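> no FASTA, just this:
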């Protein structure tokens, strides 16, 4: 598997990963980092004045599900505060019906990667 610089990470960021012991990317990182870096609103490097913004939501399935821990009001508040032109990254270990619906409703062509289990 390629190392972080081969995925397109800036040298300073690849060095930070190396310093915390991350030498080789996981399959998720190897599949997603290049797509993230090419997407709209990509994460800018140091000194970048593009105003680019990425919004990252981990455990997206839990955030979007209705139930005992409903984060809808919190998400609405966050989405109102960030620019409309942004890259939103949703990460989840579980593909739920809610995430499938969200993917289908995406205005842009969403990048979707799913791990294949042996």
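Noted; the coordinates are in hand. This one's a predicted model, so the numbers in the text were calculated from it and none came from an experiment.
> hey, let's count contacts and neighbours off CA atoms from now on
OK.
> and the gap between the residue most central in space within the chain and residue 36?
Compute the mean C-alpha point of the chain, and by Cα atoms, centre = their mean the closest residue is residue 89, 3.0 Å away. Separation of residue 89 from residue 36 (Cα to Cα, to the nearest Å) stands at 8 Å.
> and the strands in this protein?
54-58, 87-91 (DSSP state E).
> rank these by pLDDT, which is bottom?
Lowest mean pLDDT within the strands of the chain: strand 54-58, at a mean of 74.
> neighbouring strands - and their directions - for that one?
Looking at strand 54-58 with DSSP bridges, its partner strands are strand 87-91 (parallel).
> which helix is the longest one in the chain?
helix 27-38 (DSSP state H).
> report the buried residues of it.
Buried residues in helix 27-38, counted by 16 or more other Cα atoms under 10 Å: 30, 31, 32, 33, 35, 36.
> which one of the residues you listed is nearest to residue 117?
Set against residue 117, the nearest of the buried residues of helix 27-38 by Cα to Cα is residue 31 (14.9 Å).
> take the strands of the chain and lay them out in JSON lines including distance to residue 15.
Listed next are the strands of the chain as JSON lines, based on distance: least, Cα to Cα, whole Å:
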{"stretch": "strand 54-58", "distance to residue 15": "21"}
{"stretch": "strand 87-91", "distance to residue 15": "23"}
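> ok, now how distant is the residue lying closest to residue 63 once chain neighbours are set aside from residue 100?
Excluding its sequence neighbours, the residue lying closest to residue 63 (Cα to Cα, 6 or more residues apart in numbering) is residue 71, at 5.5 Å. Look at residue 71 and residue 100: by Cα to Cα, they are 18 Å apart.
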